[in-house]
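Visitor: Got a sequence here, can you build the structure:
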Amino acid sequence: MNVPQLAAVDAARAARMLNEVRDARLSGRPPRVAPRPVIEQSWERMLRSGVDPEHDFRSGLLSSDEVRRRREESPLREVLPVLREGLLSVADVAHHIMVVADEEGRVLWREGCNPVLRKADGLGFELGADWGEAVVGTNGVGTPAVVRRPVQVFAAEHFVRSHTAWTCAGAPITDPRNGRLLGVVDVSGPLETMHPATLAWVDSVAKLAEARLRERHLGALERLRAVAAPVLARLGGRAAAVDADGWTAAVTGMPYTSRIALPKSPSPGRRWLPVFGACSVEPLAGGWLVRSVDEAAEPAPRDATRIVLDLARPGRWSLTVSGNAGSWSRELSPRHAELLYLLAAHHEGRSASGLAEDLFGDPARTVTVRAEMSRVRRYLGGYLDHRPYRFCEGAEVEVLLPADPRGLLPHSTAPAVVRDRMSAPGRR
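Guide: So this is what the prediction gives:
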């Protein structure tokens, strides 16, 4: 049965036929018309896993703080403008809503036609809800995440009966760097709003979002190349600068290869990698420096890392990292300057709640702290530990302060910084 075509001609008739197919399949009788393969395979998964077709049981909603935290940490945040531009204007006119869920099926964003949003509330299709296939059955969020391709679910193709008055079309969005599923974008609405072109439309916008992620990745590689160029120029032998997923920004002493296989969780030290054999891995801003080493040679001395946090010039705060391979610098935003100053002041480390109290006087504001520390770790990850947050063991950290203590991060209202300003801190 060509469901989109039939529904476009007579949605009510298509819904009745699908109800008959669903009832027959669940009762063990051969249906008069076979369900579409992608739907039948999903139903088989539901029957094996014990999802109740008559009742919608699900775990509780995420808290508003947890939704905010996931939004801040999700790469999908970067492509929301693409999704909104491509979907929302049409969705609102067509009485649809746009839903964006993370890789676990948790709804992080939900926008569109207000009357349809209110109807979605009645189905539990709301922020923080779990719409994974194993929880709520065949649907336009959970099923595309499982099969990793676009899927439209019309009326009684939904496994759970309470959802059979809806039509959903969802497409997965994957990370172009590593193929990891980032989440699903879905357009949903009452069954009478179904259009046969909806799935192709949603899939096209999802592909545009992935293209934007590729553009951002290329931009990050360009920035890493600029950081790595002076470092590589001073090295002999084979070396490469790669990002966290192994994509190559620059090489020296060897043919260019687009990607180098790194361990799942890279860390500084000696490693064996397929392209290099024995090598050393050292952090760079935005990636890693990989250098070939001679296994027969004496063990390389432990890298001496020096980190200089320059807060001496108001509004021109910077971080410089120096090691055996060279040095690199980065200008800092006011918030990152505050965070790194606090970490330098607390060598033993600070928890997220401790930093929240230092910054805001409120230990409950951990979501904001974790989001900002996640951004700091993108360029300083190899030199930061967490739980608690602190500079890595063995790093020599120096803070350059202004001559006048009142010039210490002068616009900062963080209670811990204000206290230090008043107590005239010296060089740390």
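Visitor: so where's the protein shaky on pLDDT?
Guide: For the chain, applying pLDDT under 70 flags the ranges 1, 3-11, 58-59, 294-304, 324-326, 381-382, 424-428.
Visitor: hmm, try it at 50
Guide: Of all residues in the chain, those with pLDDT under 50 make up the ranges 295-302, 425-428.
Visitor: Please enumerate the helices of the stretch 301-428 of the chain.
Guide: Here the stretch 301-428 of the chain has its helices, by DSSP state H, counting those that start in this stretch, at 334-345, 352-360, 366-380, 415-422.
Visitor: Can you redo these as CSV, where the extra columns are distance to D203 and mean neighbour count?
Guide: Backbone N, C-alpha and C define where each C-beta goes, glycine included. Compiled in CSV, those are given as follows (distance: least, CB to CB, whole Å; neighbours: other CB atoms under 10 Å):
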stretch, distance to D203, mean neighbour count
helix 334-345, 38, 20
helix 352-360, 38, 20
helix 366-380, 30, 18
helix 415-422, 49, 16
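Visitor: Of all the ones you listed, which one comes closest to T143?
Guide: For T143, the closest of the helices of the stretch 301-428 of the chain is helix 366-380, at 29.9 Å, according to CB to CB.
Visitor: Quick one: residues in contact with the closest one.
Guide: Helix 366-380 has contacts (CB atoms under 8 Å, 6 or more residues apart in numbering) with 65-66, 68-69, 72-73, 283, 285-286, 319, 321, 330, 335-336, 339-340, 352-353, 355-356, 359-360, 384, 386, 389.
Visitor: possible to save the helices of the stretch 301-428 of the chain as a markdown table with distance to T257?
Guide: Shown next, in a markdown table, are those (distance: least, CB to CB, whole Å):
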| stretch | distance to T257 |
| --- | --- |
| helix 334-345 | 33 |
| helix 352-360 | 39 |
| helix 366-380 | 24 |
| helix 415-422 | 45 |
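Visitor: doesn't N139 make contact with T164?
Guide: No. Look at T164 against N139 with CB atoms under 8 Å: they stay out of range, at 10.8 Å.
Visitor: what's the longest helix in the protein?
Guide: When the chain is parsed with DSSP state H, its longest helix is helix 198-233.
Visitor: hmm, back to that, to G128, which of the helices of the stretch 301-428 of the chain lies closest?
Guide: Smallest distance to G128 across those (CB to CB): 13.6 Å, for helix 366-380.
Visitor: quick one, the closest one and helix 198-233 angle?
Guide: Counting by axes from the mean of the first three to the mean of the last three CA atoms, to 10 degrees, helix 366-380 lies at 50 degrees to helix 198-233.
Visitor: Dump helix 366-380 to CSV, restricted to CA.
Guide: Presented in CSV, the C-alpha positions along helix 366-380 are these (Å, rounded to 0.1, in the frame of the first residue of the first chain):
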residue,chain,number,x,y,z
THR,A,366,25.5,24.4,37.7
VAL,A,367,23.9,24.2,34.2
THR,A,368,25.5,27.4,33.1
VAL,A,369,28.9,26.5,34.6
ARG,A,370,28.9,23.1,32.9
ALA,A,371,28.0,24.6,29.6
GLU,A,372,30.8,27.2,29.8
MET,A,373,33.4,24.6,31.0
SER,A,374,32.4,22.5,28.1
ARG,A,375,33.3,25.3,25.8
VAL,A,376,36.6,25.9,27.6
ARG,A,377,37.5,22.2,27.2
ARG,A,378,37.1,22.5,23.4
TYR,A,379,40.4,24.3,23.3
LEU,A,380,42.0,23.5,26.6
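Visitor: got the angle for it vs helix 352-360?
Guide: Relative orientation of helix 366-380 versus helix 352-360 (the same axes, to 10 degrees): 100 degrees.
Visitor: Centre of the chain to helix 366-380, how far?
Guide: Remark: helix 366-380 is offset 13 Å from the chain centroid, using CA atoms, centre = their mean, to the nearest Å.
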